[in-house]
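In: Have a look; sequence and predicted model below, questions after that.
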Amino acid sequence: NAVRNGLQWGPPFLPYLSVTSPSTLSLIYSFNNHPVTLSYTLPPQGYHVTVSVDNPDHLHLVFLPGLNFGMSDETQFIGTEFQGPIYGTPDGKMNEFKKDISEVFPPTSLTWVGNETKYFIGYISLKGFPASTEIIKDKTNSFIRLSFNNAHASLTLTGEPKRYSLLKSAEPGLLDTVDFGWFLFGRITLVSFLAKFLFVFLSTLYTHMQNYGFAIIFVTLLIKILFSPLAYMSFRSMNQMQQLQPEIKKLQAKYKDDKAQLNAAMMELYKERRINPLGGCLPVIVQIPVFVALYNILNNTVELRQAPFLLWIHDLSIKDPYYIFPIIMGITMVIQTKLTPSTPDPMQRRIMLFLPVVMTFFFLNFPSGLVLYWIVNNLLTIGQQYVLMRYVFKTIPAK
């Protein structure tokens, strides 16, 4: 069939071929007695297929829509990774093609182009391949079309899981197809850095433990040790705030009809005693990037896909099917709230009592590996909080 005065071509079903040594499959096409030969070099292992094009009569060849590598856009939920057409530019950046349009890129303007889903990617390396590239996206479908008329050219087709080790050594920008840095509908460099570091560390632990669940527990313990100084400051601040409650109640009675004067008097009291009323929130705020980094690892990396833990947890990347982990997490939050010194503000007290219910509901559909992290973190915090409040701060008066 003639397309744009050229040749219409669609790749054969290469994934069904099996080879034990490097093999070449050649397909010869003819258009008005003008031959075109496509030669596929199939490796015995790995994910790369080399395609050589022999076009002696300079026909205008078009690689038709169909180069979607068996992928199509899946419904994208808020906060999840992008799925669809992607491409790389000479500056080493990965770009997502989100528009439901068709766009043509001139030769040499792209280094690679492909499609991705959550755990898999298919792409074409375009270095040294002088073709214009058209990306076509229409809601749930996306395609790639290459057009050129050179006599000889070669390219590499790759279809592989989005493993960190594979992408890191591949085309520049491909590693960014694993969204390590997602946070609040955008990419954050700090979160991405933490996620990559934690993922490499988790993977190293996995080689020794052979269980990502135990690796997560070990990482949680290390994070808790690392943040122990902040926890000490936080509990000390809460303890001092508790000791100030009698004086705060006197101020509330004195300025019950003047809220502005009450706030000013309380701030003066905090300043006099050198107490930061927000000091108790510091460890939670600092742990947010770590929490989000772990969420990205557990939600987006193919290495943790279908990774089992113990008993009924057969996949740490998906929710607990029986919601046992979220319920346990909620119970640990209740215990933690009971151990925490009460705040003088009645509104804050009500919020703290209601928070475990909200968090349990919120965590119902989170990856079970992430809930495991939060459970272990809560248990360690409860132990830390009990020891400090009962045996350390009990004898430390507010200054």
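Out: Great, that's in hand. Numbers count the residues shown, from 1 in each chain.
In: Okay, now the unreliable bits of the stretch 151-300 of the chain?
Out: Within the stretch 151-300 of the chain, the stretches with pLDDT under 70 are 184-185, 277-280, 282-283.
In: and Leu146, helix, strand or coil?
Out: strand (DSSP: H, G, I helix; E, B strand; the rest coil).
In: An error on my part: the question was meant for Gln45.
Out: Once three-state DSSP is applied, Gln45 turns out coil.
In: so how far is Ile313 from Ser165?
Out: According to Cβ to Cβ, to the nearest Å, Ser165 stands 25 Å off from Ile313. All C-beta atoms are positioned from the backbone trio N, CA, C, and that covers glycine.
In: These two: which has the busier surroundings?
Out: When neighbours are counted by other Cβ atoms under 10 Å, Ile313 comes out ahead of the other of Ser165 and Ile313, with 20 against 10.
In: In this structure the more buried one contacts Pro367, no?
Out: No - when contacts are counted by Cβ atoms under 8 Å, Ile313 is not listed as touching Pro367 (10.4 Å).
In: mind listing the strands for this protein?
Out: Under the criterion DSSP state E, the chain contains strands at 6-9, 23-31, 34-42, 48-54, 60-63, 84-88, 94-96, 102-105, 112-116, 120-125, 132-138, 141-148, 152-161.
In: Mind putting those into a markdown table with distance to Met266 and mean neighbour count?
Out: Below are the strands of the chain laid out as a markdown table (distance: least, Cβ to Cβ, whole Å; neighbours: other Cβ atoms under 10 Å):
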| stretch | distance to Met266 | mean neighbour count |
| --- | --- | --- |
| strand 6-9 | 76 | 18 |
| strand 23-31 | 79 | 13 |
| strand 34-42 | 74 | 16 |
| strand 48-54 | 66 | 17 |
| strand 60-63 | 71 | 22 |
| strand 84-88 | 53 | 24 |
| strand 94-96 | 49 | 16 |
| strand 102-105 | 59 | 14 |
| strand 112-116 | 53 | 25 |
| strand 120-125 | 56 | 22 |
| strand 132-138 | 57 | 19 |
| strand 141-148 | 58 | 20 |
| strand 152-161 | 57 | 17 |
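In: any chance of those in a markdown table, with distance to Phe291 too?
Out: Compiled in a markdown table, the strands of the chain are given as follows (distance: least, Cβ to Cβ, whole Å):
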| stretch | distance to Phe291 |
| --- | --- |
| strand 6-9 | 48 |
| strand 23-31 | 48 |
| strand 34-42 | 44 |
| strand 48-54 | 37 |
| strand 60-63 | 44 |
| strand 84-88 | 27 |
| strand 94-96 | 25 |
| strand 102-105 | 37 |
| strand 112-116 | 25 |
| strand 120-125 | 27 |
| strand 132-138 | 33 |
| strand 141-148 | 33 |
| strand 152-161 | 26 |
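In: lowest-confidence stretch among those strands?
Out: Among those, strand 6-9 has the lowest mean pLDDT, at a mean of 43.
In: quick one: Met238 and Leu339 touch, right?
Out: No - with contact defined as Cβ under 8 Å, Met238 does not count as touching Leu339 (10.0 Å).
In: any idea how far the residue nearest in space to the middle of the chain lies from Trp182?
Out: Closest to where the C-alpha atoms of the chain average out (Cα atoms, centre = their mean) is Asn296, at 2.6 Å. From Asn296 over to Trp182 the distance is 6 Å, taken as Cβ to Cβ.
In: Overlap in contacts, the two.
Out: Val191 (Cβ atoms under 8 Å, 6 or more residues apart in numbering).
In: between Met238 and Leu339, which one's more packed in?
Out: Remark: of Met238 and Leu339, Met238 carries more neighbours, 22 against 15, as counted by other Cβ under 10 Å.
In: Could you report the separation of the more buried one from Met389?
Out: In terms of Cβ to Cβ, Met238 sits 8 Å off from Met389.
In: do the same with Asp176
Out: 45 Å.
In: then stretch 85-105 to CSV, C-alphas only?
Out: Extracted in CSV, the C-alpha atoms of stretch 85-105 (Å, rounded to 0.1, in the frame of the first residue of the first chain):
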residue,chain,number,x,y,z
PRO,A,85,4.0,8.8,24.6
ILE,A,86,7.3,10.1,25.8
TYR,A,87,10.5,11.3,24.1
GLY,A,88,14.0,12.4,24.8
THR,A,89,15.8,15.6,23.5
PRO,A,90,19.5,16.2,22.9
ASP,A,91,19.8,18.0,26.3
GLY,A,92,19.1,14.7,28.0
LYS,A,93,15.6,15.5,29.2
MET,A,94,12.6,13.2,29.2
ASN,A,95,9.3,14.8,28.0
GLU,A,96,5.8,13.6,28.3
PHE,A,97,3.4,14.0,25.4
LYS,A,98,0.2,14.8,27.1
LYS,A,99,-1.7,16.6,24.4
ASP,A,100,-4.4,14.8,22.4
ILE,A,101,-3.0,16.0,19.1
SER,A,102,-0.5,15.0,16.4
GLU,A,103,2.9,16.7,16.4
VAL,A,104,5.8,16.3,14.0
PHE,A,105,9.5,16.6,15.2
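In: List the contacts of Leu353.
Out: Thr337.
In: now Asp100
Out: Contacts of Asp100 (Cβ under 8 Å, 6+ apart): Lys137, Asp138, Lys139.
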